[in-house]
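Colleague: Could you look at this predicted model? Sequence included:
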Amino acid sequence: RELANQIAAGEVVERPSSVVKELVENSLDAGATKMEIDIHRGGIERIRIYDNGVGISKDELPLALARHATNKIFSLEDLQSILSMGFRGEALASISSVSRLKLTSRTLEQKEAWQAYTEGREMHVAIKPASHPVGTTIEVLNLFYNTPARRKFLRTEKTEWQHIDEVVRRLALSRFDVAIDLSHNGKLLRQYGVAQSELQKERRLLRLCGASFLQHALTLSLESTGLSVKGWIADPHSPKINDIQYFYINRRIVRDRVVNHAVRQAYETISTGSNTPSYVLYLDMDPRQVDVNVHPAKQEVRFHQTRLVHDFIYQAITTALNHSTS
Ligand code: ADP
Ligand code: MG
């Protein structure tokens, strides 16, 4: 079982930033509106994430660390309509098999908090009382300490930190309703406050994507039967700006050929220049019309009606761009 976890860890846990991604997604699934992410030495020494979500009850602490224990999917029908970020129930098991993991949590019903501790090889989970507000703190120490081959593949602390920064940026772009603090080596480096008004959203976008993008970004919004797309796309006639390509489907970041093609084609209709499109776009659609369960890191998708989605994105972008040039 230990081995199975470590093999699974190879798929889910490639580097510290993949740990951060899984943990933050869990916090979001738990309904957190505030997160504090504390990274030490590129996340190799320590990743600690506090959230104010619903917490994990004492009885469920060991289960949360067990493989294929997810409380998010109950049936095949659930699997076809996934809106939660996690659904495989293997992230925590995988992470704990290649690190020392501390899970401290308190639910609203419990007066006191509890802490579970596991260390890679022993799958035994020790539980003791702890002090913690409602919510969860997960601490991942000494990543890959027991898999030296994997540890060797890690880059410098600085590079690993940059990967983490990027993972958090993607999440911050997808959830303006969640406050996120991100620290590295004891310094608070990023602070993304809750953004509700358009002005606050633009301020957050400015922090995340830079002034040049915001300055040349056109807002975009289109809805039609069952599909909605919103966001920002850079004017193709603007001077060269940072490469920014973020596409979300139902708040999940994806990289998809169909989407890329639609965006590029729309850009080329408007401008013959060779600018790479820069955009932050959010597509919302019926989760039953898109399979997200294609790839372990959950970045690839498969649309049931490829043509429809493609043409919808194309139309949304050309409309926004035409407006600006006319
Ligand atoms: P999945 O997210 O696919 O369900 P994980 O291994 O990532 O699987 O997490 C296992 C379970 O642990 C989750 O289903 C959830 O019940 C619980 N859990 C993990 N992190 C948190 C958190 N931050 N707050 C509340 N519950 C959590
Ligand atoms: Mg998860």
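Modeller: Now that the structure is in, tell me what you want to look at. Ligands and ions are numbered 1, 2, ... in the order given.
Colleague: Which stretches in this protein count as helices?
Modeller: 2-12, 16-29, 61-64, 76-80, 91-97, 148-152, 157-174, 198-209, 211-216, 257-270, 306-325 (DSSP state H).
Colleague: right, and those helices - which one's nearest Glu109?
Modeller: Glu109 lies closest, by CB to CB, to one member of the helices of the chain: helix 61-64, at 14.2 Å. In this view, the C-beta of every residue, glycine as well, is placed from N, C-alpha and C.
Colleague: Can you spell out which helices and strands pack onto that closest one?
Modeller: Where contact means 3 or more CB pairs under 8 Å, 6 or more residues apart in numbering; DSSP states H and E, helix 61-64 is packed against strand 100-106, strand 113-119, strand 122-130.
Colleague: Residue ranges of each domain in this structure, please.
Modeller: Listed domain ranges for the chain are 2-192, 198-325 (source: automatic domain parsing).
Colleague: hmm, back to that, and of the helices and strands packed on helix 61-64, who's closest to Met285?
Modeller: Each of the helices and strands packed on helix 61-64 has some distance to Met285 by CB to CB; the shortest is strand 100-106, at 33.4 Å.
Colleague: which strands and helices sit next to the closest one?
Modeller: If you count contacts as 3+ CB pairs under 8 Å, 6+ apart, strand 100-106 packs onto helix 61-64, helix 91-97, strand 113-119, strand 135-141.
Colleague: Turn those into JSON lines, including mean neighbour count, mean pLDDT and distance to ligand 2.
Modeller: Listed next are these as JSON lines, based on neighbours: other CB atoms under 10 Å; pLDDT from 0 to 100; distance: least, CB to the ion, whole Å:
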{"stretch": "helix 61-64", "mean neighbour count": "19", "mean pLDDT": "88", "distance to ligand 2": "9"}
{"stretch": "helix 91-97", "mean neighbour count": "26", "mean pLDDT": "90", "distance to ligand 2": "4"}
{"stretch": "strand 113-119", "mean neighbour count": "21", "mean pLDDT": "93", "distance to ligand 2": "16"}
{"stretch": "strand 135-141", "mean neighbour count": "23", "mean pLDDT": "98", "distance to ligand 2": "11"}
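Colleague: Distance to Val178 for these - can I get that in JSON lines?
Modeller: Listed next are the helices and strands packed on strand 100-106 as JSON lines, based on distance: least, CB to CB, whole Å:
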{"stretch": "helix 61-64", "distance to Val178": "21"}
{"stretch": "helix 91-97", "distance to Val178": "19"}
{"stretch": "strand 113-119", "distance to Val178": "22"}
{"stretch": "strand 135-141", "distance to Val178": "13"}
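Colleague: closest to Lys21 out of those?
Modeller: helix 91-97 (9.0 Å).
Colleague: pLDDT score assigned to the residue nearest to Asp256 when sequence neighbours are not counted?
Modeller: Spatially, and ignoring its direct neighbours in sequence, Asp256 is nearest to Val301 (5.6 Å; CB to CB, 6 or more residues apart in numbering). Per-residue confidence (pLDDT) for Val301: 88.
Colleague: count of residues packed around Val301?
Modeller: Using other CB atoms under 10 Å, Val301 has 21 neighbouring residues.
Colleague: how many neighbours does Pro148 have?
Modeller: Residues near Pro148, counting by other CB under 10 Å: 8.
Colleague: Check Ile180 too.
Modeller: Residues lying near Ile180 (other CB under 10 Å) number 23.
Colleague: Report whether stretch 51-68 contacts ligand 1.
Modeller: Yes: contact between stretch 51-68 and ligand 1, assessed by CB under 6 Å from any ligand atom, occurs at Asp51, Gly53, Val54, Gly55, Ile56, Ala64.
Colleague: Now do the contacts for the first one.
Modeller: Applying CB atoms under 8 Å, 6 or more residues apart in numbering, we find Asp51 in contact with Ser27, Ala30, Ala32, Lys34, Met35, Glu36, Gly135, Thr136, Thr137.
Colleague: Who does it form a beta bridge with?
Modeller: Beta-bridge partners recorded for Asp51 (DSSP bridges): Met35, Thr136.
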